[in-house]
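Colleague: Can you look at this prediction? I've put the sequence above it.
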Amino acid sequence: MHVRLLLFLLLLLPQYALAQSRQCTFTWSQVTTNADGSAITDLAGYQLYMRASSSASYPQTPTKQMPLSTLTTPAQPSTTAPCATGQLWVVRAYDTTMNVSDNSNEIVVAAPPDTVPPAAPTNFRSQ
């Protein structure tokens with residue numbers, strides 16, 4: 001009995017940990033204007049924010065700060081970050097004087113597709 005429980009836990013825990021924390025890739029459209037509609041000339045980067053549930057608030061400090069100089073393709077911004085199913089995320093733009101935009105649309109991290117088949121049946125026999 002204890003051996004079965006131990007085997008079950010050894011098989012389940014790595015999958016549970018994987019489902020709870022993984023790398024997500026986030027992409028968004030490049031900001032080209034200020035909030036008033038004028039052309040932006042001093043875009044400095046983007047800030048990624050995460051909250052664990054809809055009842056929580058977004059933190060004051062960004063989850064990830066991304067200066068333009070660190071983005072591989074500033075015209076098509078993207079980044080990766082550790083994430084878990086059910087978390088809510090937004091991105092904000094900021095300029096060189098640290099004016100920060102409103103939140104982007106909010107996204108919810110979906111569960112990854114189940115790609116692991118069940119274990120093979122055992123003790124198959126005829127009577």
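Modeller: Perfect, thanks for sending it.

Colleague: And residue 112, what's its pLDDT?
Modeller: Per-residue pLDDT puts residue 112 at 80.

Colleague: What about it, how many residues nearby?
Modeller: 11 (other C-beta atoms under 10 Å). For every residue, glycine as well, the C-beta is placed using N, CA and C.

Colleague: secondary structure class for it?
Modeller: What DSSP: H, G, I helix; E, B strand; the rest coil gives for residue 112 is coil.

Colleague: So, low pLDDT: which residues of this structure?
Modeller: Applying pLDDT under 70 to the chain flags the ranges 1-21.

Colleague: pretty sure residue 52 is touching residue 83, no?
Modeller: No: using C-beta atoms under 8 Å, residue 52 is not in contact with residue 83, being 10.8 Å away.

Colleague: Compare those two (neighbour count), which wins?
Modeller: Ranked by neighbour count (other C-beta under 10 Å), residue 52 and residue 83 place residue 83 first, with 18 against 10.
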